[in-house]
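**Q** starting from these lines, generate the structure:
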Amino acid sequence: MLAKQGWRILSNPVSLIARLFKARYFPACFFWEAELGDAPSFSWRSILQGRPVLKAGVQWHVGDGNNINIWCDKWIPSCPQYRIQKPPNTNLEVVADLIDARARVWNTLKIRDLLPTKATLLHKGYTGDTDCLLCPATFEDRAHIFCKCPTAQTILSAPPFNLQASLLPRLNFIEWMLEQAINLKHDTFEKLLMILWALWKNRNNKFWDGCAQTSTDIVFSSFSWLDEFRKARHDAAAKPVKMQKKTWKPDPEKRWKLNVDGSFLPNQTKGGLGGVLRDGDGCFKATFTQPVHHVDSAKQVELLAIKEGWQLLQSLKVQSVVIESNCLEVTLDIENQRYDLIDYSAIIDDIRMTMVCFPGVQICFAPRTCNAVAYRLASIAFDDNYTSVWIDKVPECILDVLQSDCNQPT
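**A** Sure thing, here's the model as predicted:
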């Protein structure tokens, strides 16, 4: 839910809420670089809490490239983790540096120098030898590693490639790759890409660890990795997993339901409690909000929300009710017979003593999607810092989420 709020800011920057957040919290930078700032609201704190989840799943779409960092941003789908490792002694920073702006094509003169072969490193201050690590050749460039080295030639001259006729002495590697992309079948070209990656990996293993594979081992390992990748991709496409979103439902036994939640952020000493009570048909009965101070964890706040919910039930003399919390740890701790060994055992003891007096009350877990109204109330308590109770009349601040609960398909 928090990541979705961040995504709305990114995907619709001209919306009113996006412009408000930008003007208040990151007027001079992008959303990704925005900091918490002074006196932030609970909403902004929550969005920043969900930003790492959002960042893990988004990827850049390349336009002019001015806003995309080559080394830090996710912009290459075929690259592991969508990023590439930054070589030393390079001034290239953003993707625009790799693009010919006039012709609107990639600047191949810059791109081809990114692979740190010994020949490339000569232009960046390297003063060592240029010998191939795998054969007696005295000049290691891309064409040699991938096409002219005996290990590479053995692989590329055999089936399924049969490229011996194209491995010319004065071969231009980029033109050679373009030729293979055009002439080879899709399946064979995928295998060629895996082989090139394995050849580079084999060269690096020789450099760092002093060991290298034979051409046969390189072929077997590369094709095995490609088969595993294809199988995983096929299985994922053949068996799409559709997660069904759980929503709030009235109790099947027509008992009343009290949903409670607590709001808390790390490095804060305050929290917010909220709860909503509905009858067996899902009709609104009451809500409460209450700020709390001198708290040190989300678990403590969740326990206090349940305890405060009990106070509401007692004041309304409700005897048979299901209390739902979206904190699984709290509901398990309350059921634990050795709760005296658990943190906040005093609060748990108060809750358990009340349960003895109200045997018709049950405390159980409900996912966050079933607890949206209580979450909204707890957030309001955290931000506004005042206590309130509404009986029978629905407060406007939760009207939208309450109606959303009632209008969910059964």
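**Q** keeping just the C-alphas, turn stretch 321-328 into CSV.
**A** Output of stretch 321-328 as CSV, limited to C-alpha atoms (Å, rounded to 0.1, in the frame of the first residue of the first chain):
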residue,chain,number,x,y,z
VAL,A,321,-17.3,-9.8,19.4
VAL,A,322,-14.3,-10.7,17.3
ILE,A,323,-11.3,-8.4,17.7
GLU,A,324,-9.1,-8.3,14.6
SER,A,325,-5.5,-7.1,14.5
ASN,A,326,-3.1,-7.1,11.5
CYS,A,327,-0.1,-7.9,13.8
LEU,A,328,0.2,-11.7,13.8
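**Q** and that stretch, how far from the chain's centre?
**A** 27 Å (C-alpha atoms, centre = their mean, to the nearest Å).
**Q** now that stretch: mean pLDDT?
**A** The pLDDT scores in stretch 321-328 average 93.
**Q** cool, stretch 269-287 as well?
**A** For stretch 269-287, the mean pLDDT works out to 92.
**Q** first vs last residue of it, how far apart are they?
**A** End-to-end distance for stretch 269-287: 24 Å, by C-alpha to C-alpha, to the nearest Å.
**Q** just say helix, strand or coil for P359.
**A** coil (DSSP: H, G, I helix; E, B strand; the rest coil).
**Q** near it, how many other residues are there?
**A** Neighbourhood size, P359 [other C-beta atoms under 10 Å]: 9. Where C-beta positions appear, they are placed from N, C-alpha and C, glycine not excepted.
**Q** that one and L303: what is the separation?
**A** 21 Å (C-beta to C-beta, to the nearest Å).
**Q** for the residue found closest to Q300 once you drop the neighbours it is linked to in the chain, give me the backbone phi and psi.
**A** Using C-beta to C-beta, 6 or more residues apart in numbering and skipping the chain neighbours, the partner closest in space to Q300 is Y344 (5.4 Å). Backbone torsions of Y344, given as degrees, to the nearest 10, read phi 60, psi 40.
**Q** tell me the contacts of Y344?
**A** Contacts of Y344 were listed using C-beta atoms under 8 Å, 6 or more residues apart in numbering, and they are K299, Q300, L303.
**Q** sitting in strands, which of the residues you listed do you find?
**A** Judged by DSSP state E, the contacts of Y344 include no members of strands.
**Q** top of those residues by neighbour count?
**A** L303 (27 neighbours).
**Q** go ahead and confirm that residue touches S345.
**A** No - L303 is beyond contact range of S345, at 10.1 Å (criterion: C-beta atoms under 8 Å).
**Q** what helix or strand does V276 sit in?
**A** Take DSSP states H and E as the rule and V276 turns out to sit in strand 270-278.
**Q** sheet partners, orientation included, of that strand?
**A** When pairs are called by DSSP bridges, strand 270-278 turns out to pair with strand 256-264 (antiparallel), strand 284-293 (antiparallel).
**Q** need the CA coordinates for the shortest one. CSV is fine.
**A** Think strand 256-264. The C-alpha trace of strand 256-264 is given here as CSV (Å, rounded to 0.1, in the frame of the first residue of the first chain):
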residue,chain,number,x,y,z
TRP,A,256,-19.8,-7.9,16.0
LYS,A,257,-16.3,-7.1,14.8
LEU,A,258,-13.8,-4.7,16.2
ASN,A,259,-10.8,-4.0,14.0
VAL,A,260,-7.9,-2.2,15.7
ASP,A,261,-4.5,-1.0,14.5
GLY,A,262,-1.5,1.0,15.8
SER,A,263,0.7,3.5,14.0
PHE,A,264,4.4,3.7,14.9
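**Q** could you give the mean pLDDT of that strand?
**A** Mean predicted lDDT for strand 256-264 stands at 94.
**Q** so how far is it off the chain centroid?
**A** Using C-alpha atoms, centre = their mean, the offset of strand 256-264 from its chain centre is 27 Å.
**Q** W197: how many residues sit nearby?
**A** W197: 14 neighbours (other C-beta under 10 Å).
**Q** so who does it touch?
**A** W197 touches S222, counting by C-beta under 8 Å, 6+ apart.
**Q** may I ask you to confirm that it belongs to a helix?
**A** Yes - according to three-state DSSP, W197 belongs to a helix.
**Q** measure how buried G57 is and give me the count.
**A** For G57, using other C-beta under 10 Å, the count is 9.
**Q** now do the same for it: its pLDDT.
**A** Taking G57 on its own, its pLDDT is 70.
**Q** now the helices for the stretch 1-150 of the chain?
**A** Listed in chain order, the helices of the stretch 1-150 of the chain (DSSP state H, counting those that start in this stretch) span residues 2-11, 16-25, 42-57, 108-111, 118-121, 142-143, 150-156.
**Q** for F365, find the nearest of these.
**A** F365 sits nearest to helix 2-11 of all the helices of the stretch 1-150 of the chain, at 20.0 Å, using C-beta to C-beta.
**Q** which strands or helices does that closest one pack on?
**A** Secondary-structure packing of helix 2-11 (3 or more C-beta pairs under 8 Å, 6 or more residues apart in numbering; DSSP states H and E): helix 16-25, helix 42-57.
**Q** okay, the angle between that helix and helix 16-25?
**A** Orientation check (axes from the mean of the first three to the mean of the last three C-alpha atoms, to 10 degrees): helix 2-11 against helix 16-25 gives 90 degrees.
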